[in-house]
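A.B. asks: Below are the sequence and a predicted model; questions follow.
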Amino acid sequence: MEVRARAPGKIILAGEHAVVHGSAAVAAAIDLYTTSSLRLGEDGGAGAVELDLRDSGLTFSWPCSRVRAALGEVAGKAGAPTPCSPDELAAFAKLLEGQEIPEAKIWLSAGLSAFLFLYTAILGCRPGKAVVTSDLPIGAGLGSSAAFCVSMSGALLTAAGAVGVAGGSSAEEWESFGKDDLELVNQWAFQGEKIIHGKPSGIDNSVSTFGSMIKFKKGELTNLKSRNPVKMLITDTRVGRNTKALLAGVSERASRHPDAMASVFNAVNSVSEELSSVIELAAEDEIAITSREDKLAELMEMNQGLLQCMGVRHSSIETVLRTTLKYSLVSKLTGAGGGGCVLTLIPTLLANTVLEKVATELESHGFRCFKVEVGGRGLQVSRA
Ligand SMILES: Nc1ncnc2c1ncn2[C@@H]1O[C@H](COP(=O)(O)OP(=O)(O)O)[C@@H](O)[C@H]1O
Ligand SMILES: C[C@@](O)(CCOP(=O)(O)O)CC(=O)O
Ligand SMILES: [Mg+2]
């Protein structure tokens with residue numbers, strides 16, 4: 001039997017980086033997904049653990065005997081996770097040595113280590129094949145690392161029988177887990193995200209698992225009820241960057257200037273708290289809708305300024321900010337910055353007139369625009 005699990009990417013409306021240092025942040029799921037399909041082989045000595053990354057055309061295979069030689073006889077565990085130890089990480093690095101990873105895709109190594117960790121920790125050395133496809137740009141701020149870890153944890157834990165859906169629907173339909181199962185998947189995905197990000201806050205895996213729009217602070221998640229739609233244009237600058245390195249850069253700046261950076265993080269906290277209240281405001285007429293959106297735009301603009309203070313700017317981001325400002329639109333980077341994606345708030349009353357024009361101009365710079373639905377479903381599974 002094949003298990004398929006899909007998990008969404010995300011946007012961060014306010015609070016990236018500062019959330020790692022204890023501030024509040026606001027994030028929402030988007031309708032771009034990573035899907036992990038898993039088919040288990042026969043338990044026993046032979047066989048291999050295989051991973052097929054469809055979008056990059058790369059496949060990896062580890063004979064179970066090699067996995068056992070590197071890790072010992074791991075039993076697999078379907079309860080709460082134990083973090084990946086430095087010894088295990090070293091063993092995964094050894095297992096990667098035998099694989100041919102093209103130099104240009106060396107950034108995949110962290111994702112491969114996260115896969116090996118999740119697979120062996122949940123299923124032990126059992127043979128099986130996982131296939132991954134994704135709508136998300138990788139390493140661009142839309143949480144591809146979290147969507148990868150959430151969808152893979154969802155598929156592995158379902159195959160292990162640790163989580164499940166009520167069933168009854170046709171095999172092709174997507175179904176959602178109950179809250180306890182989602183909690184368990186989220187805990188595992190967080191351990192995978194730690195291998196990729198170094199020191200994640202947990203916001204990305206949480207919003208990918210639970211979906212919707214959330215406020216997140218120090219591991220605590222509050223669901224936000226947005227009564228009016230929030231329309232965002234996402235622009236991928238196509239400038240590659242790595243979340244782990246950017247997180248480390250912000251932490252280094254915080255240790256060089258502890259007081260100044262504490263004030264910056266504190267200001268971001270206030271912006272996120274205010275933005276989450278504005279999100280929940282119900283606006284019933286055009287005046288109220290415009291006033292709500294003006295407040296959101298102002299808070300996003302303030303957050304962008306504070307992100308500059310953290311040192312995660314990039315000239316490509318500034319080009320997007322300048323271009324959208326020509327249309328009186330406000331933008332901010334989303335995710336770790338340093339390139340990657342930028343969010344532009346599209347006011348409801350301007351959506352029909354401005355959206356296509358600004359997207360066309362942004363694309364003329366070589367950027368790629370995504371028009372997404374914000375605040376949708378989290379992790380879902382289907383069996384075929
Ligand atoms: N579909 C995927 N297949 C393999 N690895 C992935 C996939 N998606 C994400 N990753 C891993 O996550 C890393 C990107 O994560 P990160 O730098 O946090 O950026 P983001 O999460 O914003 O896309 C990649 O370098 C890779 O290791
Ligand atoms: C910068 C940060 O706040 C978000 C990173 O998101 P992404 O990996 O760039 O999609 C890090 C985190 O919260 O773990
Ligand atoms: Mg990430």
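C.D. replies: Now that the structure is in, tell me what you want to look at. The shown structure was predicted, so the numbers you read here are calculated from the model rather than taken from an experiment. Ligands and ions are numbered 1, 2, ... in the order given.

A.B. asks: For the residue of the stretch 1-150 of the chain found nearest ligand 1, which residues are in contact?
C.D. replies: Here the residue of the stretch 1-150 of the chain nearest ligand 1 is Gly111; by CB to the nearest ligand atom that distance is 2.6 Å. C-beta here means a position set from N, CA and C on the backbone, and glycine is covered the same way. Residues near Gly111 by CB atoms under 8 Å, 6 or more residues apart in numbering: Ser145, Phe148, Ile196.

A.B. asks: hmm, 10 Å instead?
C.D. replies: By CB atoms under 10 Å, 6 or more residues apart in numbering, Gly111 lies in contact with 51, 53, 105, 132, 138-139, 144-145, 148-149, 152, 192, 195-196.

A.B. asks: how about the host helix or strand of it: buried residues?
C.D. replies: For Gly111, the host element (DSSP states H and E) is helix 108-123. Across helix 108-123, burial judged by 16 or more other CB atoms under 10 Å covers 108, 110-123.

A.B. asks: The stretch 151-300 of the chain against ligand 3: which residues are in contact?
C.D. replies: Thr243 (CB under 5 Å from the ion).

A.B. asks: Pick out the residue in the stretch 151-300 of the chain sitting closest to ligand 1.
C.D. replies: Closest residue of the stretch 151-300 of the chain to ligand 1, CB to the nearest ligand atom: Thr243 (3.3 Å).

A.B. asks: How many residues are close by Ser276?
C.D. replies: Neighbour count for Ser276, taken as other CB atoms under 10 Å: 24.

A.B. asks: Now it: closest residue in space, sequence neighbours ignored.
C.D. replies: Counting by CB to CB, 6 or more residues apart in numbering, the nearest residue to Ser276 once its immediate chain neighbours are dropped is Lys215, at 4.4 Å.

A.B. asks: Please report how far the closest residue to Lys94 other than its chain neighbours lies from Lys199.
C.D. replies: In this structure, Lys94 finds its nearest non-sequential neighbour in Ala70, 5.6 Å apart by CB to CB, 6+ apart. Separation of Ala70 from Lys199 (CB to CB, to the nearest Å) stands at 26 Å.

A.B. asks: Give me the more crowded residue out of these two.
C.D. replies: Neighbour count, other CB under 10 Å: between Ala70 and Lys199, Ala70 has more, with 20 against 11.

A.B. asks: which residues in the chain form strands?
C.D. replies: Remark: strands assigned in the chain by DSSP state E are 2-14, 25-40, 48-53, 58-63, 128-134, 213-217, 220-224, 232-236, 331-334, 341-345, 368-371, 380-383.

A.B. asks: now those in a markdown table, with mean neighbour count and mean pLDDT?
C.D. replies: Compiled in a markdown table, the strands of the chain are given as follows (neighbours: other CB atoms under 10 Å; pLDDT from 0 to 100):
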| stretch | mean neighbour count | mean pLDDT |
| --- | --- | --- |
| strand 2-14 | 27 | 97 |
| strand 25-40 | 24 | 97 |
| strand 48-53 | 20 | 96 |
| strand 58-63 | 17 | 95 |
| strand 128-134 | 20 | 98 |
| strand 213-217 | 23 | 98 |
| strand 220-224 | 14 | 97 |
| strand 232-236 | 24 | 97 |
| strand 331-334 | 27 | 98 |
| strand 341-345 | 27 | 98 |
| strand 368-371 | 18 | 96 |
| strand 380-383 | 21 | 92 |
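
A.B. asks: Contacts only, for the residue nearest to Ile289 when sequence neighbours are not counted.
C.D. replies: Nearest-residue entry for Ile289: Ala283, 4.4 Å, with adjacent residues in sequence omitted and distances by CB to CB, 6+ apart. Applying CB under 10 Å, 6+ apart to Ala283 gives the contacts Arg227, Asn228, Ile289, Thr290, Ser291, Arg292, Glu293, Thr348.

A.B. asks: Quick check: the gap between Ala283 and ligand 3.
C.D. replies: 32 Å (CB to the ion, to the nearest Å).

A.B. asks: ok, that residue to Pro229 distance?
C.D. replies: Relative to Pro229, and taking CB to CB, Ala283 is found at 10 Å.

A.B. asks: overlap in contacts of these two?
C.D. replies: By CB under 10 Å, 6+ apart, Ala283 and Pro229 have these common neighbours: Ile289, Thr348.

A.B. asks: My understanding was that Gly192 contacts Pro81; is that so?
C.D. replies: Yes: taking contacts as CB atoms under 10 Å, Gly192 lies within contact range of Pro81: 9.1 Å.

A.B. asks: How about the residues of the stretch 1-150 of the chain by ligand 1?
C.D. replies: Applying CB under 6 Å from any ligand atom, one finds that the stretch 1-150 of the chain approaches ligand 1 through 34, 53, 107-108, 110-111, 132, 134, 138-145, 148.

A.B. asks: what's the neighbour count on the residue of the stretch 151-300 of the chain closest to ligand 1?
C.D. replies: Neighbour count for Thr243, taken as other CB under 10 Å: 28.
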